[in-house]
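Asks: turn this into a structure:
(one chain, ligands or ions: 1)
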Amino acid sequence: MSAAISFQQVNKRFDTSRGPLQALQDVTFDIQPGEFFGLLGPNGAGKTTLISILAGLSRPTRGRVTVFGADVHAQPMEARRRLGIVPQELVFDPFFTVREALRFQSGYFGIQGNGAWIDELLAGLGLADKADTNMRQLSGGMKRRVMVAQALVHRPQVIVLDEPTAGVDVELRQTLWAFISRLNRDGCTVLLTTHYLEEAEALCGRIAMLRAGRVIALERTAELLRRASSNVLHFKTDQALPDALAARARVTGRIKQIKVHDAYEVEQTLAALRQAGIVMEDIEVHKADLEDVFLELMAGQPDGEGRA
Ligand SMILES: Nc1ncnc2c1ncn2[C@@H]1O[C@H](COP(=O)(O)OP(=O)(O)OP(=O)(O)O)[C@@H](O)[C@H]1O
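Replies: Okay, here's the model as predicted:
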């Protein structure tokens, strides 16, 4: 069977006022039918560029993308029909009600009489009581739910979510993930880009990490986590750490995290901190998570690699 999504040697170069920018460099990987796949990377890594190419909105400088064998440029309608893309930005017609927007979107795919599925989408996404509300009267979070419903009206085999939970509240995140997970269990392939690493850790079976347009890791999530076999000493302090410890630490305001391999290293590190006069609160030791792996991988690659 062909891959749900296949990226083959995808390159994208932008000509900018600062010179050419290689936004994607030989991106090659397949996503298999039924996978819940995560695409991660820092700002500017190329995630949205890759998704725009997948959606047929942008052409690669070189390379090929297929959806269940359909080439997104040579067979755009076949590919588009198999894809449900939830964009990052909110795009809507303010004069339509929610139900009208969903019917209109169905019409775009030549679908009629899918009222039962539209009702299921409305219920699943917590929009049932908003069906007859005008789009312009909805809150940002509700509009985002409609974006998700719109992407799904034609029952696509592949759902692509481009940072769907950026800036949305906990309730919407939970509703969205419960619904998308159910569709995934029913056989839908899901491609998710997110900045929330705990979300990727909880949902994705496999993860690709992009940095400066290149794939720098492509593994099962469990494998990536195994790579982070170390532990992390976590504490809070208002003081700056001595240089030797600061070089090993991840600092987020008062929160400091230092990688430690075993109990002996925990003791050594705590002793060094005490000797340096650091007053610590809320000391904890926990297993490294996806964020640790991500930061480690990102730290291993020099910046500005994307400049051609
Ligand atoms: N139309 C464009 N013209 C020129 N450069 C662009 C264009 N679109 C994107 N870029 C550049 O390509 C690189 C990749 O951008 P992209 O938006 O794909 O990254 P991203 O991983 O989606 O980032 P974010 O997490 O911030 O959304 C960036 O350096 C960006 O500035």
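Asks: point out where the stretch 51-200 of the chain drops to low pLDDT.
Replies: Across the stretch 51-200 of the chain, the ranges flagged by pLDDT under 70 are 166-167.
Asks: residue ranges for the helices of it, please.
Replies: Per DSSP state H, counting those that start in this stretch, the stretch 51-200 of the chain carries helices over the ranges 76-82, 98-108, 115-124, 140-152, 170-185, 197-203.
Asks: figure out which of those helices is closest to the ligand.
Replies: With Cβ to the nearest ligand atom as the measure, helix 197-203 is the member of those nearest the ligand (12.9 Å). All C-beta spots, glycine's among them, are computed from the backbone N, C-alpha and C.
Asks: ok, back up a step: could I get the helices of the stretch 51-200 of the chain as a markdown table with mean neighbour count?
Replies: Shown next, in a markdown table, are the helices of the stretch 51-200 of the chain (neighbours: other Cβ atoms under 10 Å):
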| stretch | mean neighbour count |
| --- | --- |
| helix 76-82 | 17 |
| helix 98-108 | 18 |
| helix 115-124 | 16 |
| helix 140-152 | 21 |
| helix 170-185 | 16 |
| helix 197-203 | 17 |
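Asks: tell me which of the ones you listed lies nearest to residue 265.
Replies: Proximity to residue 265, assessed across the helices of the stretch 51-200 of the chain by Cβ to Cβ, is greatest for helix 197-203 (24.3 Å).
Asks: now do the closest one: distance to the chain's middle.
Replies: Distance, stretch centre to chain centre, for helix 197-203: 9 Å (Cα atoms, centre = their mean, to the nearest Å).
Asks: can you name every helix or strand that that helix contacts?
Replies: strand 36-40, helix 170-185, strand 189-193, helix 221-227, helix 290-299 (3 or more Cβ pairs under 8 Å, 6 or more residues apart in numbering; DSSP states H and E).
Asks: returning to what we had before: in a markdown table, list the helices of the stretch 51-200 of the chain along with distance to residue 252.
Replies: Output for the helices of the stretch 51-200 of the chain, formatted as a markdown table (distance: least, Cβ to Cβ, whole Å):
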| stretch | distance to residue 252 |
| --- | --- |
| helix 76-82 | 41 |
| helix 98-108 | 39 |
| helix 115-124 | 35 |
| helix 140-152 | 26 |
| helix 170-185 | 20 |
| helix 197-203 | 14 |
